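can you look at this prediction? I've put the sequence above it.
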Amino acid sequence: MPVGTLGTVKGVSQDRLKDPIKAQIILGNTYHLYLRPGTEIIQASGGLHGFMNWDRPILTDSGGYQIFSLSDKRTLDEEGAHFKSHLDGSKHLFTPENVVDIQRILGSDIIMILDECPPYPSNYEYVKKSMEMTHQWAKRGQKQFLETQALYGHRQFQFGIVQGGTYKDLRIASAEFMAEQDFDGIAIGGLSVGEPISLLYEMTHINTDVLPEKKVRYLMGVGTPANLLESIARGVDMFDCVMPSRNARNGTIFTQRGKVNLRNSKWKNHHTALEEDFPSDLCQRYHMSYVHHLFKSNELFGMTLASEHNLQFYLWLMKEVRGHIKKGTYAAWYPNMVMQLESKI
């Protein structure tokens, strides 16, 4: 899922997200949209779909990641997360119940429960207590979801979130708990927060071994193209990450042959396209000398070109994955592809 935290994927229009990027679903953020522009504005527009003129699915995070990323601006207790707004210092309380209500107003197709994402490293007792609180919040959030109705005439789905840090027994216990709650899908949370990549893969595999095969398994906040392929091999179905668009704005793009730094002086006199066989505008319509010039000049058009390319590449890669899974060739195909993707051009 391309990440559109504030109701926009930075630098990319909704029309371009549909074609040529071909995004099937995007992600928005409950915490940020609640603070600005606010639920009243979005509800008056008929929900987030109408507000941003996007007629395809949207998933909204519950604010759980902000519990991690804005730890200096919040406190936690059994009731929920008490935030001090990063915008104006105003105080707000996010509970398992009101994040459901907010997401009802947003009208997102997939609603996430409120959870705590513990930092890495955290000691065992802290992670265990945090996980148990997330489990209690999950029950409360699910109850609120079942007792309320969608507002805009389309069905909304609710996903649980597995926690447990990097402790195997807690990961298993949390996955078992979430599997028992009969959510529409289940996310694997609390990873890609600074732990070694080997632990990311190990904890992911531990969770997918427990989670139901017939429900969507969503690994939150991951990652590089290689991370995606490795995680798919371990049983993950769905991802989101700011990396393709954020890295693009900083001058890094992903290709079939590896990563490219568009600011590198090697491209200054490179008067041909990068990959003529890839259908992005960056590859098809412009020489690398021009794209390099745009980045060295901090021109916004360069950031747009790179952002569209990276998003198109990620979604092309997922299409390739689906094809290999259907043909039964994924296990043989992906290791060599991982090696290519991790190269630098």
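Done, it's in. Numbering: from 1, shown residues only.

any chance you could map the strands in the stretch 1-150 of the chain?
For the stretch 1-150 of the chain, the strands defined by DSSP state E, counting those that start in this stretch occupy 26-29, 58-61, 74-76, 81-84, 91-94, 110-112.

show me what the first one is packed up against.
The one in question is strand 26-29. Where contact means 3 or more Cβ pairs under 8 Å, 6 or more residues apart in numbering; DSSP states H and E, strand 26-29 is packed against strand 58-61. Any C-beta I mention is one placed from the backbone N, CA and C, and that applies to glycine too.

look at residue 258 and say how many residues are nearby.
Applying other Cβ atoms under 10 Å, we find 14 residues neighbouring residue 258.

please apply the same query to the one 5 residues further on.
For residue 263, the tally of surrounding residues (other Cβ under 10 Å) stands at 14.

residue 298: which of the strands of the stretch 1-150 of the chain is closest?
Comparison of the strands of the stretch 1-150 of the chain against residue 298 by Cβ to Cβ identifies strand 26-29 as nearest, at 26.4 Å.

give me the contact list for the closest one.
Strand 26-29 is contacted by residues 1-7, 9, 17, 48, 54, 56-61, 63, 65-66, 106, 108, 240 when judged by Cβ atoms under 8 Å, 6 or more residues apart in numbering.

what's the average pLDDT for it?
In this model, strand 26-29 has a mean pLDDT of 97.

so which of the strands of the stretch 1-150 of the chain gets nearest residue 311?
Once the strands of the stretch 1-150 of the chain are compared by Cβ to Cβ, strand 26-29 is nearest, at 9.9 Å.

before we move on, back to that, which one of the strands of the stretch 1-150 of the chain lies closest to residue 159?
Of the strands of the stretch 1-150 of the chain, the one closest to residue 159 (Cβ to Cβ) turns out to be strand 110-112, at 5.5 Å.

partner strands of the closest one, with direction?
Looking at strand 110-112 with DSSP bridges, its partner strands are strand 58-61 (parallel), strand 157-162 (parallel).

turn these into a markdown table, columns for mean pLDDT.
A markdown table is the format used below for the strands paired with strand 110-112 (pLDDT from 0 to 100):
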| stretch | mean pLDDT |
| --- | --- |
| strand 58-61 | 97 |
| strand 157-162 | 98 |
